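In: need coordinates for the following:
(4 chains)
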There are 2 protein chains.
Amino acid sequence: MVTLKDISKECGVSLATVSKALNNASDISEATASIVKAKAKEMGYIPNSTARALKMNKSHNIGVLFVDTTSSGLTHEYFSTILNSLKDEVEKNGYDITFINKGIGHLDMNYYEHAKYRQCDGVIVASVDFKDPDVIQLIESEIPTVTLDYIFNNRTAVMSDNDIGLGKIVEYVYSMGHRDIALIHGENTAVTQKRLASFYHACFELGLEIPDENVLLADYHNPKESALATRKLLKLKKRPTCIIYPDDYSFIGGKNELEAQGLKICQDISVVGYDGIYLSQILRPKLTTYKQNAEAMGRQSAKELIKLIEKPKSTLPSIINVCGEMLHGDTVKNLNEKGE
Amino acid sequence: MVTLKDISKECGVSLATVSKALNNASDISEATASIVKAKAKEMGYIPNSTARALKMNKSHNIGVLFVDTTSSGLTHEYFSTILNSLKDEVEKNGYDITFINKGIGHLDMNYYEHAKYRQCDGVIVASVDFKDPDVIQLIESEIPTVTLDYIFNNRTAVMSDNDIGLGKIVEYVYSMGHRDIALIHGENTAVTQKRLASFYHACFELGLEIPDENVLLADYHNPKESALATRKLLKLKKRPTCIIYPDDYSFIGGKNELEAQGLKICQDISVVGYDGIYLSQILRPKLTTYKQNAEAMGRQSAKELIKLIEKPKSTLPSIINVCGEMLHGDTVKNLNEKGE
DNA sequence: TTGTATGCGTTATCAT
DNA sequence: ATGATAACGCATACAA
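Out: All right, here's what the predicted structure looks like:
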């Protein structure tokens, strides 16, 4: 391994000079700087990030806390997309990513300790139980953090528009003439609560009364449960004309059930998803869904965190809203044509 | 930040004693060891991995090189599953993961340099262009590496059974009475070559002549292309009774095309996928496919790499084969019943 | 069993 | 403009 010392010997200058030259310090002559740089390249010098981190107390390493509760964390396209864009953005800025988790190896550390152990300059937190004391400890620590889809006091959060997404869906479905709407929603999380509120609010505004039996639970990303919920909805005396699913993936379960019962999607019953994953736009009929801008979520959270790290004085914690959009597919029937 | 020095002061022992006590060195009395440990806990001591790495020349950090060529790298379930299990396995052993990439920030480093920069103890390489000189440089360097689905001389590789997977499919399909088989295969990679060889070998063994027009190209994970290829196949004078797709995801494109043409899957035409992703088993009809054991791929590659790192003398580079399995879904019709 | 001293590779302060 | 030196936090060889 070639070090600054090696280069200094070769060049006949001091170690300090080499360091400065390589870091483009202003107090080094152009002449020596170029000589040193050339020699460094020639000798195949590679800086040592650990030594640098130790000295500067900055690792250029960003922690990512994704808790894979459903064991579908990373395989959930929403999150893998976020991770991808987040990764791209931090790398553009010279940072690397480290996954933060509990109890690495025999050392048992909690999230905060793990992050400190790796000297993370900051941490991005997503898809976790935000009530977990270990999560709270990390977020309320001195380490800069950015949370996704959850707001902590005086911390930066990047929010998908869960507070209006379902409202948008309801409005659209209403505009297509639907009045008997059913909602299948995911397990009780902060995100789910927002979505429910948005749903009921929109219904209220439109003067829609939604009977309780039209609102069912099916865990996110669980086609079996959504199929079950679908079956229940189909048995209702007053069968809904449109079913909204907790996510695009869950819709697959619903689709199976509907088709098993001989119903044609759109023609016989309308459906809407949530997420707008790639798959939803590949399937035929193309799913009508509300697309969350996962790519922007990842990018923005990275940008905010890096600002927080590099300009701590001038950066205030803030709440960034990332808007989604309706994707108009072919699964919602227009009931207006004959009806009105 | 509390350091060993701080603890040593509090305990009235030397810094060295603290270090040894915390590392369970044999030459420290139980008494002092427990005192030191208690104090360390009380003071909230967290070891500093960068200092440790610098001193020991070992970062407990494993690089992961995934090149997201199709920009579907991480969102490809096969790879996200591998990453997930790989992550679990390394973490069990006290390692963390760092993504290796080109040109982090303004420093422009290649893969090898990036890995050295982060002091990676080893690197796992998957889903890349193995002809890329930068990839080759990394793999042939002194850094322990494990490759997935590609063999380098004198390096450990974890191989999915691409050399028999398609053969297994052909045998199964043949056993169901199919003789006119079509194959849509992915772009030209080492994996594809193996799969093609396996396909033709199995056909030869069974005495099947496959006309060239039955073998078409459609890039992996590209439903549009596979839909197009499907259309071409359907136009053939001698229409195949069974189509094998490059992967489960591509099958969706085929499904759309088949259904658009009014064909019922299984009943009118049989289809087979490849990968066995979760989605394939959720869709109805359930897809018949060859499941790659992605979870085992990740786990094994991590295990092998860690052996290579920790027991370099006694560990030989080896080739690990991970077997897949046929998943018998409902998309291949049994033609024997009336035929024979 | 415990302590002293050194150095890992780097940056940064202060002389020169 | 350049160099000598200390320090970052830790593990370890060696001395006591």
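In: using the three-state scheme, assign A:Arg231.
Out: Put simply, A:Arg231 is helix when judged by DSSP: H, G, I helix; E, B strand; the rest coil.
In: can you tell me the closest non-neighbouring residue to it?
Out: Nearest non-adjacent residue to A:Arg231, counting by C-beta to C-beta, 6 or more residues apart in numbering or on different chains: A:Glu257, 5.5 Å away. All C-beta atoms are positioned from the backbone trio N, CA, C, and that covers glycine.
In: tell me how many other residues surround that neighbour.
Out: Look at A:Glu257: counted by other C-beta atoms under 10 Å in any protein chain shown, it has 22 neighbours.
In: OK, contacts around it?
Out: Residues near A:Glu257 by C-beta atoms under 8 Å, 6 or more residues apart in numbering or on different chains: A:227-228, A:230-231, A:234.
In: swap in A:Leu279?
Out: Listed by C-beta under 8 Å, 6+ apart, the contact partners of A:Leu279 are A:77, A:248-249, B:252, B:279.
In: what strand or helix carries A:Phe199?
Out: Assigned by DSSP states H and E, A:Phe199 belongs to helix A:190-205.
In: rewinding a little: need the contacts of A:Glu257 in TSV (columns: distance to DNA strand C, pLDDT and neighbour count).
Out: TSV is the format used below for the contacts of A:Glu257 (distance: C-beta to the nearest atom of the strand, whole Å; pLDDT from 0 to 100; neighbours: other C-beta atoms under 10 Å in any protein chain shown):
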residue	distance to DNA strand C	pLDDT	neighbour count
A:Ala227	58	98	21
A:Leu228	59	98	17
A:Thr230	60	98	30
A:Arg231	63	98	14
A:Leu234	66	97	16
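In: out of the residues you listed, the closest to chain B would be?
Out: A:Ala227 (9.5 Å; C-beta to the nearest C-beta).
In: skipping adjacent residues, who's closest to the closest one in space?
Out: In this structure, A:Ala227 finds its nearest non-sequential neighbour in A:Gly253, 3.8 Å apart by C-beta to C-beta, 6+ apart.
In: would the one you found count as being in a helix?
Out: Yes: applying three-state DSSP, one finds A:Gly253 inside a helix.
In: contacts for the helix holding A:Phe199, please.
Out: A:130, A:149-150, A:160, A:162-168, A:170-171, A:181, A:183, A:185-186, A:209-210, A:215, A:244, A:246, A:274.
In: let's see it at 6 Å
Out: Outside helix A:190-205, the residues within contact range by C-beta atoms under 6 Å, 6 or more residues apart in numbering or on different chains are A:149-150, A:162-164, A:166-167, A:170-171, A:183, A:185-186, A:210.
In: likewise stretch A:34-48?
Out: Contact partners of stretch A:34-48, identified using C-beta under 6 Å, 6+ apart, comprise A:2, A:7, A:10-11, A:18, A:21, B:113, B:116-117.
In: ok, the residues you listed vs A:Ile309, which is closest?
Out: Closest approach between the contacts of stretch A:34-48 and A:Ile309, by C-beta to C-beta: B:Tyr117, at 19.0 Å.
In: and that closest one, what does it touch?
Out: The contact partners of B:Tyr117, by C-beta under 6 Å, 6+ apart, come to A:46, A:49.
In: circling back: how close does the residue nearest to A:Arg231 get to DNA strand D?
Out: 57 Å (C-beta to the nearest atom of the strand, to the nearest Å).
In: secondary structure element holding that residue?
Out: Assigned by DSSP H and E, A:Glu257 belongs to helix A:248-260.
In: which other helices and strands does the helix or strand that that helix is followed by contact?
Out: Downstream of helix A:248-260, the next assigned helix or strand under DSSP H and E is strand A:270-272. Other helices and strands packing on strand A:270-272, by 3 or more C-beta pairs under 6 Å, 6 or more residues apart in numbering or on different chains; DSSP states H and E, are strand A:242-244.
In: returning to what we had before: let me have the contacts of A:Leu279 in TSV, adding distance to A:Thr192 and pLDDT as columns.
Out: Below are the contacts of A:Leu279 laid out as TSV (distance: C-beta to C-beta, whole Å; pLDDT from 0 to 100):
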residue	distance to A:Thr192	pLDDT
A:Glu77	19	83
A:Asp248	16	95
A:Tyr249	15	93
B:Ile252	28	96
B:Leu279	23	90
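In: let me know the closest of the residues you listed to B:Ile62.
Out: Nearest to B:Ile62 among the contacts of A:Leu279, counting by C-beta to C-beta, is A:Glu77 at 25.2 Å.
In: thought the closest one was touching B:Thr75?
Out: Yes: between A:Glu77 and B:Thr75 a contact is recorded at 5.5 Å, counting by C-beta atoms under 6 Å.
In: on that earlier part again, how far does the helix holding A:Glu257 sit from the chain's center?
Out: 25 Å (C-alpha atoms, centre = their mean, to the nearest Å).
In: please export the C-alpha coordinates of that helix as PDB.
Out: What follows is helix A:248-260, C-alpha atoms only, in PDB (Å, rounded to 0.1, in the frame of the first residue of the first chain):
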ATOM      1  CA  ASP A 248     -50.500  -2.200  -6.400                       C
ATOM      2  CA  TYR A 249     -49.100  -5.500  -5.300                       C
ATOM      3  CA  SER A 250     -52.100  -6.200  -3.200                       C
ATOM      4  CA  PHE A 251     -54.300  -5.500  -6.200                       C
ATOM      5  CA  ILE A 252     -52.900  -8.700  -7.700                       C
ATOM      6  CA  GLY A 253     -54.700 -10.700  -5.000                       C
ATOM      7  CA  GLY A 254     -57.800  -8.800  -5.700                       C
ATOM      8  CA  LYS A 255     -57.500  -9.400  -9.400                       C
ATOM      9  CA  ASN A 256     -57.200 -13.100  -8.900                       C
ATOM     10  CA  GLU A 257     -60.300 -13.200  -6.800                       C
ATOM     11  CA  LEU A 258     -62.300 -11.000  -9.100                       C
ATOM     12  CA  GLU A 259     -61.400 -13.100 -12.100                       C
ATOM     13  CA  ALA A 260     -62.000 -16.300 -10.200                       C
END
